[in-house]
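Participant: turn this into a structure:
(2 chains)
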Number of protein chains: 2
Amino acid sequence: MKAMGLSRLVLVAPQSFPDPVADARASGAGDLLAGARVVGSLEEALRGTTLSAAITARRRERSVPVKHAREAASELLGHAEHGDVALVFGTETSGLSNDEVALCSMPVCIPTSPGFSSLNLGAAVQVMSYELRMAALAPSAPPVQSDLAAFEDIEGFHAHLERAMTASGFYDPANPKRLLPRLRRLFGRTRLEREEVNILRGILGALERKPD
Amino acid sequence: MKAMGLSRLVLVAPQSFPDPVADARASGAGDLLAGARVVGSLEEALRGTTLSAAITARRRERSVPVKHAREAASELLGHAEHGDVALVFGTETSGLSNDEVALCSMPVCIPTSPGFSSLNLGAAVQVMSYELRMAALAPSAPPVQSDLAAFEDIEGFHAHLERAMTASGFYDPANPKRLLPRLRRLFGRTRLEREEVNILRGILGALERKPD
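Facilitator: Below you'll find the model as predicted:
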């Protein structure tokens, strides 16, 4: 939860709280656990929320539309601007009851392998928290490289490479085959940076001058 | 892993395996754990793979493009049709070392809260496995290169390049600076194909034999 940027934890009728085992497992997130609100019922926990998602693996009646985690996260996030929203999880052993699911705005499932749909509680919380964070980050610009080499630097490198290959006998201009286009494709894919072009040309220069 | 449809687990130099604690925790997925392949090194684990993702929270040099989990999952899935791909995780306490990350095709991070970026191992495995499953459910994977070079071919190229650079005087093993990591980064980004590795090694070989 904490690593995904969530901070508000509500515990419904916990068997034991505070609990030294929980404290130990919360390493680094003890503040979040210590600040948990403890309530007696799910109704009380949901009071004041405008949208709540019941995370459940159980097959519901076919007619109930069950949203997938990603779609639900996006919807929750959109509503979070206007009011409190909640992710609701059941116990490790039995999940949420039908009555508990019915209290929530929507049932949500995490897609799993048909043959083995059991996710433990921590895993389910992780996936939903992660999807909320991803929804919050969208639309995200992809990380980009800085300092890309200029066109002319890359052309200089290709010319140098061709000279070195020709002098060494690896490349025969009279019988070029597809060598040069293949090398252009290879280095074109990689988005060479200026410093990398310098390194590559340094290697070529050193190999050309190789002592006998 | 099992709930997300993954079945092949490789353990690198495990402290204890098989282990009754692990067996107990694998409830329902004991078959997967029992079928794990145990190897002595990460190199051995990666042999035969064509694409590998190093999951890491550590901040790399600012210039290294680190893919996010979702984008990486999509790329891995696309390549999985043509060859073996791998998700690589470090230990619970210290994650992957820089050297281990360098052996993989790409560093991948899971977006976290800036103030608290610590995800435990199980959480990271859950997120990456989930993203692979979501990518598999997505209507269309982006087109990918086929014929990617295998891990051992790329390692062979790097060893050859290092020999040639050393012999030519361009690289001084006593004063390595950041040359080898930079070259790994450059060629790691480009997803070398088998034939391209052959071309690059051919060029190196010809330059090494360069007539006086």
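Participant: next, the buried residues of stretch A:30-39.
Facilitator: A:32-33, A:39 (16 or more other CB atoms under 10 Å in any protein chain shown). Any C-beta I mention is one placed from the backbone N, CA and C, and that applies to glycine too.
Participant: just the C-alphas of it, formatted as PDB.
Facilitator: The C-alpha trace of stretch A:30-39 is given here as PDB (Å, rounded to 0.1, in the frame of the first residue of the first chain):
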ATOM      1  CA  GLY A  30       4.600   1.000  10.500                       C
ATOM      2  CA  ASP A  31       3.200   4.500  10.400                       C
ATOM      3  CA  LEU A  32       0.400   3.400   8.100                       C
ATOM      4  CA  LEU A  33      -0.500   0.400  10.300                       C
ATOM      5  CA  ALA A  34      -0.300   2.400  13.500                       C
ATOM      6  CA  GLY A  35      -2.700   5.000  11.900                       C
ATOM      7  CA  ALA A  36      -5.200   2.400  10.800                       C
ATOM      8  CA  ARG A  37      -8.900   3.100  11.600                       C
ATOM      9  CA  VAL A  38     -10.600   0.200  13.400                       C
ATOM     10  CA  VAL A  39     -14.300  -0.200  12.900                       C
END
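Participant: please point out which parts of the longest strand that chain A contains sit buried.
Facilitator: Longest strand of chain A, by residue count under DSSP state E: strand A:49-55. Within strand A:49-55, the residues scored as buried using 16+ other CB under 10 Å are A:49, A:51-55.
Participant: tell me which of those is nearest to A:Ile203?
Facilitator: A:Ile55 (54.2 Å; CB to CB).
Participant: was I right about the closest one contacting A:Ile110?
Facilitator: Yes: A:Ile55 lies in contact with A:Ile110 (CB atoms under 8 Å); the separation is 7.0 Å.
Participant: where along chain A do the strands fall?
Facilitator: So, for chain A - with DSSP E - the strands run A:10-12, A:37-39, A:49-55, A:67-68, A:84-88, A:106-109.
Participant: for chain B, which of these is the nearest?
Facilitator: strand A:67-68 (8.5 Å; CB to the nearest CB).
Participant: now what about that closest one, what contacts it?
Facilitator: A:53, A:75, A:106-111 (CB atoms under 8 Å, 6 or more residues apart in numbering or on different chains).
Participant: chain B next: which of those are close?
Facilitator: By CB under 8 Å from any CB of the partner chain, the members of these lying near chain B are A:110-111.
Participant: find residues that contact each of A:Ile55 and A:Ile110.
Facilitator: Common neighbours of A:Ile55 and A:Ile110 (CB under 8 Å, 6+ apart) are A:69, A:124, A:128.
Participant: please name the residues that touch the last one.
Facilitator: The contact partners of A:Met128, by CB under 8 Å, 6+ apart, come to A:53, A:55, A:69, A:72-73, A:87, A:108, A:110.
Participant: follow-up on the earlier one: can I get the shared contacts of A:Ile55 and A:Ile110 in TSV including pLDDT and distance to A:Ala167?
Facilitator: Below are the shared contacts of A:Ile55 and A:Ile110 laid out as TSV (pLDDT from 0 to 100; distance: CB to CB, whole Å):
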residue	pLDDT	distance to A:Ala167
A:Ala69	95	59
A:Ala124	96	63
A:Met128	98	61
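Participant: where helices are concerned, which of the residues you listed count?
Facilitator: Using DSSP state H, the subset of the shared contacts of A:Ile55 and A:Ile110 located in helices is A:69, A:124, A:128.
Participant: got any ranges where chain A has weak pLDDT?
Facilitator: Residue ranges of chain A with pLDDT under 70: A:58-65, A:139-146, A:210-212.
Participant: all the helices of chain A, residue numbers only.
Facilitator: A:20-25, A:30-34, A:42-46, A:69-80, A:98-103, A:121-137, A:151-168, A:179-189, A:194-208.
Participant: okay, these in TSV with distance to B:Glu43 next?
Facilitator: As requested, these are exported to TSV (distance: least, CB to CB, whole Å):
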stretch	distance to B:Glu43
helix A:20-25	34
helix A:30-34	39
helix A:42-46	51
helix A:69-80	36
helix A:98-103	49
helix A:121-137	30
helix A:151-168	30
helix A:179-189	24
helix A:194-208	25
